[in-house]
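Structure, please.
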Amino acid sequence: MDSFEPTIVAGLGYANNRAQLMSVPPFATAFVCAWPKTIVFVVLFSLRLGSMISAFMSDHYHCRGWTTIFFSILEIIGFSMFYGSLSPI
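Prediction:
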């Protein structure tokens, strides 16, 4: 769509430069609307990347127990912080 939109707008009677400028507002609006989803994607991707790295390390170095213990401690700390917070979600 991003390649053909200026052509479609030019077909509506706008000149080439004006057609390029008229195709910017839909993409700017989409960027603003998609920004929170982008942040969520980055966070989820980083969590997935951490999971893949820990899986590789535990398999490569044969230390599955230590990685399980390490991430269990992190989960306990995170749940304690959640449980101890005063603000309800």
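
May I have the secondary structure class of the residue lying farthest from the centre of the chain?
What lies farthest from the middle of the chain is Gly13; by Cα atoms, centre = their mean that is 38.2 Å. The three-state label given to Gly13 by DSSP: H, G, I helix; E, B strand; the rest coil is coil.

when you give positions from now on, start the count at 35
Okay, using 35 as the starting number, the last item reads as Gly47.

quick one: it and Ser57, what's the gap?
To Ser57, Gly47 is 14 Å away according to Cβ to Cβ, to the nearest Å. Glycine gets a C-beta too; all of them are placed from N, C-alpha and C.

Following the helix or strand hosting Phe61 in sequence, what is the next regular element?
Phe61 belongs to helix 58-94 when assigned by DSSP states H and E. Counting by DSSP H and E, the next helix or strand C-terminal to helix 58-94 is helix 98-118.

If you count contacts, what does that next one end up packed against?
If you count contacts as 3 or more Cβ pairs under 8 Å, 6 or more residues apart in numbering; DSSP states H and E, helix 98-118 packs onto helix 58-94.

List the buried residues for the helix it packs on?
Ser92 (16 or more other Cβ atoms under 10 Å).

could you give the angle of it to helix 98-118?
Here helix 58-94 runs at 130 degrees with respect to helix 98-118, directions being taken by axes from the mean of the first three to the mean of the last three Cα atoms, to 10 degrees.

Relative to the whole chain's centre, how far out is the helix holding Phe61?
2 Å (Cα atoms, centre = their mean, to the nearest Å).

Which neighbouring elements make contact with that helix?
Against helix 58-94 (3+ Cβ pairs under 8 Å, 6+ apart) you get helix 98-118.

So Phe65 versus Trp100, what's the distance?
Phe65 is 43 Å from Trp100, where distance means Cβ to Cβ.

Give me the next element, helix or strand, following the least confident helix or strand in the chain by mean pLDDT.
The helix or strand of the chain with the poorest confidence is helix 39-44; it has a mean of 70 (mean pLDDT, DSSP states H and E). Where DSSP H and E defines the elements, the next helix or strand beyond helix 39-44 is helix 50-56.
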